[in-house]
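**Q** predicted structure and sequence below. I'll ask about it afterward.
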Amino acid sequence: MSLFLWNHPVTAERYRLFTDRHDRYGAAARALVEAAAIGPGHRVLDVAAGIGCTALACLERLGEGDVLVAVEASGAMRQEGERRTRGRRIAWRSAPPEGQQFDRVICGAAIWALGPVSEVIGGMSNLVAPGGTLAVSLPAAYLGEADEPGGGTDPHLTALPAALAELDLGNPPGAEMAPLSDTSLAQAFRENGFSMARSDTRLRLTQQAYLDWMALPPVNDTLLGQVRPEDRPALLARIAEDLDMSSWRWETWALCAGTRLHDDRVQ
Ligand SMILES: C[S@@+](CC[C@H](N)C(=O)[O-])C[C@H]1O[C@@H](n2cnc3c(N)ncnc32)[C@H](O)[C@@H]1O
């Protein structure tokens, strides 16, 4: 996925609003930090840190003197993250610091957007110190796994994307994302010398959260690409009038964590 739309000021502002209103990224971040077994004294690198949801969850488990490095390539998201976490022990960077390795390298809610998974896992694995752990999170739906229905008259939350598709204001699909699966992810870990253990966490995704998430330009671009990003929220608000706002569905997040299979460097 291109970084262009993540670097749009509307995106950073909407992401912050989304995060203030809904615990989706916060809950997924806490589960990832748990799966990565982060604890006091760990040197932690948070890749594609966004506005700091995962980084803040890490700080809850780190020690008083520990400083986490948060890497975010989009200037708009990074500036919002710096503003939102001012005074916290987070060092923001646009790229990983050269020549450093970390006890924990984590990537929350971004792995599918960063490039071919084997290359991305390969790049991140080089940043893991001997004996360290690499951990990523992603919605299980991105691994081709269907979510269970929830409640209300729209228990799969399909009404919103269907209404947007009917408007026919999308752009032709761009470069297709390489299909991901549990197996391809485990293979990418293995090819780079890591074992992979998966655990899941399940959240309730409400219609309101889905609607607010759909207001993020990188998310709605496929369906609303012909509308200016700043005009899309008003259009979504009109569609919302016909949605059942009491509907919700389950959303499973996969948490994949691995340690090195063979590491000659471990003393
Ligand atoms: C859904 S956000 C997740 C942010 C954060 N990790 C969290 O848990 O809230 C995805 C992040 O990936 C970054 N991203 C998307 N595509 C990227 C790319 N091609 N290269 C680098 N970063 C990218 C975006 O800038 C954004 O901050």
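**A** Structure's in. What do you need? Numbering: from 1, shown residues only.
**Q** you'd agree residue 202 is up against residue 250?
**A** Yes - using C-beta atoms under 8 Å, residue 202 is in contact with residue 250, at 5.6 Å. Every residue, glycine included, has its C-beta placed from N, CA and C.
**Q** so the nearest residue to residue 191 once chain neighbours are set aside versus residue 111, what's the distance?
**A** Nearest residue to residue 191, sequence neighbours excluded (C-beta to C-beta, 6 or more residues apart in numbering): residue 118, at 6.0 Å. Between residue 118 and residue 111 the computed distance is 11 Å (C-beta to C-beta, to the nearest Å).
**Q** tell me the pLDDT of residue 260.
**A** Predicted confidence (pLDDT) for residue 260: 81.
**Q** whoops, I mixed them up, residue 267
**A** For residue 267, the predicted pLDDT is 39.
**Q** repeat for residue 133
**A** Reported pLDDT for residue 133: 97.
**Q** assign a three-state SS to it, would you?
**A** strand (DSSP: H, G, I helix; E, B strand; the rest coil).
**Q** for it, what are its contacts?
**A** Residue 133 sits next to 36, 37, 103, 104, 105, 257, 258, 259 when contact means C-beta atoms under 8 Å, 6 or more residues apart in numbering.
**Q** now do the same contact list for the fifth one.
**A** By C-beta under 8 Å, 6+ apart, the contact set of residue 105 is 44, 45, 47, 124, 125, 127, 128, 132, 133, 134, 135.
**Q** quick one on the thing from earlier: who touches the particular helix or strand that has the residue nearest to residue 191 in it?
**A** Element membership of residue 118, judged by DSSP states H and E, is helix 117-125. By C-beta under 8 Å, 6+ apart, the residues outside helix 117-125 that reach it are 47, 105, 107, 111, 114, 134, 136, 178, 180, 184-185, 187-189, 191-194.
**Q** buried ones among those residues?
**A** For these, a burial check counting by 16 or more other C-beta atoms under 10 Å picks out 47, 105, 107, 111, 114, 134, 136, 180, 185, 188-189, 192-194.
**Q** strands along the protein, start to end?
**A** 44-47, 68-71, 90-93, 102-108, 128-139, 149-151, 197-206, 248-259 (DSSP state E).
**Q** low-confidence ranges in the stretch 151-267 of the chain?
**A** 173-178, 262-267 (pLDDT under 70).
**Q** count of neighbours near residue 235?
**A** Using other C-beta atoms under 10 Å, the number of residues around residue 235 comes to 16.
**Q** wait, it sits on residue 228?
**A** No - judged on C-beta under 8 Å, residue 235 makes no contact with residue 228 at a distance of 10.2 Å.
**Q** name the residues of the stretch 1-150 of the chain found near the ligand, please.
**A** Neighbours of the ligand within the stretch 1-150 of the chain, by C-beta under 6 Å from any ligand atom: 1, 3, 6, 25, 29, 48-50, 53-54, 72-74, 77, 108-110, 113-114.
**Q** need the helices for this protein, in chain order.
**A** 9-21, 24-35, 53-59, 75-84, 117-125, 159-167, 182-191, 207-214, 217-224, 232-240 (DSSP state H).
**Q** how about the first one: buried residues?
**A** The one in question is helix 9-21. 10, 11, 12, 14, 15, 16, 18, 19.
**Q** got the angle for that helix vs helix 232-240?
**A** 50 degrees (axes from the mean of the first three to the mean of the last three C-alpha atoms, to 10 degrees).
**Q** chain center to helix 9-21, what's the gap?
**A** Distance of helix 9-21 from its chain centroid, counting by C-alpha atoms, centre = their mean, to the nearest Å, is 14 Å.
**Q** which strands and helices sit next to that helix?
**A** helix 24-35, helix 75-84, helix 207-214, helix 217-224 (3 or more C-beta pairs under 8 Å, 6 or more residues apart in numbering; DSSP states H and E).
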